[in-house]
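Participant: Sharing a model prediction with you, sequence too.
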Amino acid sequence: MAARGHQPVSHFLPVALACAVVFAAAAGAPAAAQNAAGKQAWTQASTSTGLHSLEQAATVAYRPKPNAVPPGSVITQVYADRDYAGQAAVQTSVCWNGTGRCVDIVGRSINSRAFNGLDATQPMHLVHRVRAWHGSRPPLYIKGNITVWYGPPAPDAASSGR
């Protein structure tokens, strides 16, 4: 008999096994889906420098590891998210290869195909600006993540060069 207030270990075993199965299935699902579709991705996380004033831009570059993306690969999808402590109103844009081609993040994340067909070897950037402090105090540091899915160039793009 178990000690008073304690459940025997055998009571928790089915729950622990169920949790392990669910966790393993969830962890393997994205990789299996990517492999099935023939897609590859690179991902990177980083934190901005401190933002000290309104409208000051903090630009953070995200790059694939050297030689990780084959030359000629094109973007098929981009996911970006950001997070920070406090109540400040922050505008964040995700940009490709500089800050000329950008899409604003509404909320905390974006899943976009706006960069499809662009060179997947080029860096992505998150550009953060504080629009209002709302009681938060500087400096404000913003954590960001970017994942870029890529594949070979579209067949019609290769044949159009003939």
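Facilitator: Structure received. Keep in mind the model is a prediction, meaning the values are calculated, not measured.

Participant: Going by C-alpha atoms from here, please, whenever you check contacts or count neighbours.
Facilitator: OK.

Participant: what ranges do the helices span in this structure?
Facilitator: Using DSSP state H, the helices of the chain run over residues 9-37, 155-159.

Participant: contacting residues for residue 101?
Facilitator: residue 95 (Cα atoms under 8 Å, 6 or more residues apart in numbering).

Participant: Over to residue 144?
Facilitator: Contacts here follow Cα under 8 Å, 6+ apart; on that basis residue 144 touches 45-48, 80-83, 126.

Participant: Give me the buried subset of those.
Facilitator: 45, 47-48, 80-82, 126 (16 or more other Cα atoms under 10 Å).

Participant: want to throw those residues into CSV with distance to residue 89 and pLDDT?
Facilitator: Listed next are the buried ones among the contacts of residue 144 as CSV, based on distance: Cα to Cα, whole Å; pLDDT from 0 to 100:
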residue, distance to residue 89, pLDDT
45, 21, 98
47, 17, 98
48, 16, 98
80, 18, 98
81, 15, 98
82, 12, 98
126, 16, 98
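
Participant: Now the two most distant members of those.
Facilitator: The most widely separated members of the buried ones among the contacts of residue 144, counting by Cα to Cα, are 48 and 80 (14.1 Å).

Participant: check contacts around residue 74.
Facilitator: Contacts of residue 74 (Cα under 8 Å, 6+ apart): 116-121, 150-153.

Participant: Where do the domain boundaries of this structure fall?
Facilitator: Listed by automatic domain parsing, the domain ranges of the chain are 9-38, 40-153.

Participant: Quote the end-to-end distance of the last one.
Facilitator: Just to be clear, that refers to domain 40-153. Using Cα to Cα, to the nearest Å, one end of domain 40-153 lies 13 Å from the other.

Participant: Residue 105 is in contact with residue 94, correct?
Facilitator: Yes. The criterion here is Cα atoms under 8 Å, and residue 94 meets it with residue 105 at 6.9 Å.

Participant: Have a look at the two and say which one is more surrounded.
Facilitator: residue 94 (28 against 20; other Cα atoms under 10 Å).

Participant: need the contact list for the closest residue to the more buried one other than its chain neighbours.
Facilitator: Counting by Cα to Cα, 6 or more residues apart in numbering, residue 126 is the residue found nearest to residue 94 once chain neighbours are left out, at 4.7 Å. Contact partners of residue 126, counting by Cα under 8 Å, 6+ apart, are 59-62, 92-95, 144.
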